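Q: The following block contains a protein sequence and its predicted model.
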Amino acid sequence: MVSIISKSGIAITLSKLEGFPRPDARLEQYQTPSEMAAEVLWQAHMAGRIAGKRCADPACGPGIIGIGMLLLGAAHVHFIDKDRRILAVLRRNLASLGIGSGYTVHATGIGEFCEQVDCVVQNPPFGTRAKHIDTFFLERAFAAAPVVYSFHKTSTESHILTLAEKTGFSCESRTFYSFPLPASMPHHRKRTERIAVTCFCFVKAKGF
């Protein structure tokens, strides 16, 4: 595997990976757009938070985010997802890029993940099907790392920021997106639904 050190290179490589073959509505499975993932990962990389670091990709799905971290030189990436079907896709994506080491695949829920890492980058379920699952993922990420990049519906911003403050994390930056949700599930009525999403960068405050 050759590390990629440009944002456009990451985006192009991630765009060629296999996605969700049959998204599960109960798990709110949706693809993180490659350009969006590349932008967030590049921000983290330029801040010195990926290369040589231990990282985690909760609710990893086919591995778009975690593979991007490996391409940017992460020392080790933990891929976490309880859907064993999609983990088979993840493994095919890793093999397609010649990535044979430097990662661990956890076929489990985020609640069972107990490793400590340097940085978490995640696009968890938004909580539209399972109430508060988004904040549960955020709480688990806070317990695992001092730096967390996490996607959430912009409409939940006040609650997300309050939770972070109570947990001892400050919001370093926010990036806003119009997130595309393709009609990939039975209950979808539009070809593509777009929702306002924010990627928050949280950093653990000193003293916590």
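A: Looks like it arrived, so ask away.
Q: show me what contacts the residue minimising distance to the centre of the chain?
A: The centroid of the chain falls nearest to residue 122 when counting by Cα atoms, centre = their mean (2.3 Å). Contact analysis of residue 122 by Cβ atoms under 8 Å, 6 or more residues apart in numbering lists 56, 57, 58, 59, 65, 137, 141, 148, 149, 150, 151. (Each C-beta comes from the backbone N, C-alpha and C, glycine too.)
Q: same thing but 10 Å
A: 32, 56-60, 65-66, 80, 110, 137-138, 140-141, 144, 148-152, 199 (Cβ atoms under 10 Å, 6 or more residues apart in numbering).
Q: One more: residue 47?
A: 119, 147, 149, 172, 173, 201, 203.
Q: ok, the first one touching residue 65?
A: No - taking contact to mean Cβ atoms under 10 Å, the distance of 11.1 Å between residue 119 and residue 65 leaves them out of contact.
Q: I'd say residue 174 and residue 161 touch.
A: Yes - using Cβ under 10 Å, residue 174 makes contact with residue 161 at a distance of 9.3 Å.
Q: Overlap in contacts, those two.
A: Counting by Cβ under 10 Å, 6+ apart, the residues touching both residue 174 and residue 161 are residue 200.
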